[in-house]
Structures are given as C-alpha cells and as structure tokens.
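>>> curious how this folds, go ahead:
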Amino acid sequence: MDLDLARIEKALRIIDPVFLNTPQYIDEQLCQELGGRTVTVKLETANPVRSFKGRGADFMLSTLPPGTPLVCASSGNFGQAIAYAGRSRGMPVEVFVPETINPLKQQRMETFGARVVKAGPDGSS
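Numbering: from 1, shown residues only. Purely as a prediction, here's the structure:
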C-alpha cells in the first residue's frame, strides 16, 4: 500500500487523541551501541493499551457502522486495542484467546469491556 497523505490526515482527525503525540526521545545508549546512529524511541506504554496497536484498531473501527459486533483472536495487545476502541465506539467485542494467556492481558481486555473466551492452546480451536 502506498502512503496516502489524505488517509494519514483523516486518521489524525479520527483516532482517539489518547493515542496521539506519543512521547519520543533519543536513546543515547542505543545510539552509541549502533555506531553513532540516531535512535529515536517511542514510549508506546504511555497509552491505555500500552502498545502501538491502539491507533490502527481505532482507525479501523471508525470505518464500521456504530454498534457493529466485533470478534477477534489475540493473545494480548491486539485484543486490548480492539476492546478499548470497541468500548469507546459502542461496539460489543468478543476476543478468543489461548488457554495460556497472560492473566493481566486478559484482565485488561475484560476491563475494556470485551467478552474473553479461552479457546484451546493457541486460541484458534
């Protein structure tokens, strides 16, 4: 997919502001370890989903009619992102997860309003 400036501008208007303006800094240690290259680190743990996936999930859900039921499979961050965006957009969310899911990630999905279903060792059965 080619970069589309109009789509980027649309995303900037639509995506929940909580995911915008993620703090960034130059990591001097990494710069030195990588031979003087400039390494900019984005602090994605500063948003409620604690990963970069919230922006994409929120933008994708903005294309669906309000109230659309959502179903996904995830072992963590994607499920949290869909649950968070679904809650804020009034969409019921069901996330199928592996039996071995990290309990904290499961709890966060549920806190964001998702129905979490354990579905086998890898979440697919």
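>>> switch to C-alpha atoms for all contacts and neighbour counts from now on
Noted.
>>> please list the outside residues in contact with the helix ranked longest in the chain.
Longest helix in the chain, counting residues (DSSP state H): helix 77-88. Contacts with helix 77-88, where a contact means CA atoms under 8 Å, 6 or more residues apart in numbering, come from 49-51, 53-54, 57-58, 61, 70, 72-73, 92-93, 95, 105, 108-110, 112-114.
>>> what's the distance between the residue in the chain sticking out farthest from the centre and Phe19?
Of all residues in the chain, Gly35 sits farthest from the chain's C-alpha centroid, using CA atoms, centre = their mean; the distance is 32.1 Å. Counting by CA to CA, to the nearest Å, the gap from Gly35 to Phe19 is 32 Å.
>>> name the helix or strand for the residue farthest from the centre of the chain, please.
In this assignment (DSSP states H and E), Gly35 forms part of neither any helix nor any strand.
>>> so how far is Glu28 from it?
From Gly35 over to Glu28 (counting by CA to CA), the distance is 11 Å.
>>> could you pull out the helices for the protein?
Assigned helices in the chain, in chain order: 5-14, 28-33, 53-61, 77-88, 103-111 (criterion: DSSP H).
>>> for Pro121, which of those helices is the nearest?
helix 103-111 (14.5 Å; CA to CA).
>>> what helices and strands are in contact with that closest one?
In this structure, helix 103-111 packs against helix 77-88, strand 115-118, with contacts taken as 3 or more CA pairs under 8 Å, 6 or more residues apart in numbering; DSSP states H and E.
>>> what residues sit buried inside the longest one?
In other words, helix 77-88. Applying a neighbour-count criterion of 16 or more other CA atoms under 10 Å, the buried positions in helix 77-88 are 77-87.
>>> how about the residues you listed in a markdown table, adding distance to Leu12?
Formatted as a markdown table, the entries for the buried residues of helix 77-88 read as follows, by distance: CA to CA, whole Å:
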| residue | distance to Leu12 |
| --- | --- |
| Asn77 | 21 |
| Phe78 | 20 |
| Gly79 | 22 |
| Gln80 | 21 |
| Ala81 | 17 |
| Ile82 | 18 |
| Ala83 | 20 |
| Tyr84 | 18 |
| Ala85 | 15 |
| Gly86 | 18 |
| Arg87 | 20 |
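>>> thanks a lot, see you next time.
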